[in-house]
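> Provided below are the primary sequence and the corresponding predicted coordinates.
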Amino acid sequence: MSNASIRTHKKRNNIINPKKLRCQLSELPVLTLEAPKAEPLNPETTPMIAIQALEFCYPKGEFKLNIPDFQVSGGEKVAVIGPSGSGKTTLLNLIAGIMTPQNGTVSVDEAQVSTLGDRERRDFRITNIGFVFQDFELLDYLNVFDNVLHPYRITGALKLDKAVRDRAESLTQDMGIGDKLKRKPNDLSHGEKQRVAICRALLPQPRLILTDEATGNLDPDNKILILDLLFKAVSDYNATLVAVTHDHELLKHFDQIVNFQEFKNMAAV
């Protein structure tokens, strides 16, 4: 078994200590992500994301993901890059509680998500995490406005009132889809569907925002618009952002970068 370590890329003026990634090789493809505790923006606060001794594999297939220790501080904007199939979406799903590990713990905002029951995880995700899925997960039978409001209709943990409706309208205007509220998803372009999904994720004003290729199908101007709106949400909601992206032109805007390609290459050594 061979071990190697690399450093995450980070902007020189970043106040967060650099994290370390470590890869280990076994008979099966194993990706191991390891990071020492980062200095939080406020030393008295706990990390927004804390993963410890995590082991995950799919029931069928050879892919495994090991994360001994990984933490993300509150208010941090982290980009996750790497090739398809390297584990980026799996990492987001584990953080969101959509998947649960075979071993280890995943905590978000001090709540140990990995040990919650199915309903508790769903309610926690809806109220605390805004997730922009790569395939959008829009409901074809609902119009744009009702898709944006949908999180408020599937749980009693959120209250749908006039303030929420007004905020939904404002978000859609900011995203450039305010004139399409009555349209169904099948009547939208790929990029418009993407913006609907982003509005839905931001509507509950989440403390943690997870995005899987949120700017992947947008033109350059709209990419910057979406990134600005996501960063504004981080500021307005005192939130943390973890964004999977293939767009390397956007990386300079993030505080830290986790590169799955580097430790995938190490696994092949």
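Received it, and whenever you're ready, just let me know what you need.
> mind listing what residue 192 touches?
Neighbour list for residue 192: 177, 180 [criterion: CB atoms under 8 Å, 6 or more residues apart in numbering]. In short, each C-beta sits where N, CA and C put it, glycine included.
> Break down this structure into its strands, ranges please.
For the chain, the strands defined by DSSP state E cover 3-7, 9-10, 20-24, 30-34, 49-57, 64-72, 77-81, 103-108, 111-112, 129-132, 208-212, 240-244, 256-259.
> and of the ones you listed, who's closest to residue 187?
Nearest to residue 187, of all the strands of the chain, is strand 129-132, at 20.5 Å by CB to CB.
> What strands flank that closest one, and is each parallel or antiparallel?
Strand pairing for strand 129-132, determined by DSSP bridges: strand 208-212 (parallel).
> Least confident secondary structure element in the chain?
Across the helices and strands of the chain, mean pLDDT, DSSP states H and E gives its lowest value to strand 3-7, namely a mean of 31.
> quick revisit: of the strands of the chain, which approaches residue 89 most closely?
Closest among the strands of the chain, using CB to CB: strand 208-212, at 5.6 Å.
> Return the set of buried residues in the lengthiest helix in the chain.
Criterion DSSP state H: the longest helix present in the chain is helix 220-236. For helix 220-236, burial by neighbour count (16 or more other CB atoms under 10 Å) applies to 222, 223, 225, 226, 227, 229, 230, 231, 233, 234.
> what's the closest non-adjacent residue to residue 194?
Spatial nearest neighbour of residue 194, excluding adjacent residues (CB to CB, 6 or more residues apart in numbering): residue 217 at 5.7 Å.
> ok, now which ones touch the residue nearest the centre of the chain?
By CA atoms, centre = their mean, the chain has its centre lying nearest to residue 210, at 1.9 Å. Contact partners of residue 210, counting by CB under 8 Å, 6+ apart, are 92, 95, 96, 129, 130, 131, 132, 242, 243.
> again with residue 203
130, 148, 149, 151, 152, 164, 167, 168, 171.
> Mind giving me the ChimeraX command for buried ones among the residues you listed?
The buried residues among the contacts of residue 203 can be selected in ChimeraX (16+ other CB under 10 Å) with this line:
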select :130,148,149,151,152,164,167,168,171
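> of all the contacts of residue 203, which comes closest to residue 180?
Distances from residue 180 to these, taken by CB to CB, are shortest for residue 148, at 11.0 Å.
> what's the spacing between the closest one and residue 230?
Distance of residue 148 to residue 230, computed by CB to CB, to the nearest Å: 16 Å.
> what bridges to residue 256?
Beta-bridge partners, per DSSP bridges, of residue 256: residue 10, residue 78.
> doesn't residue 79 make contact with it?
Yes. Between residue 256 and residue 79 there is a contact under CB atoms under 8 Å: 7.4 Å.
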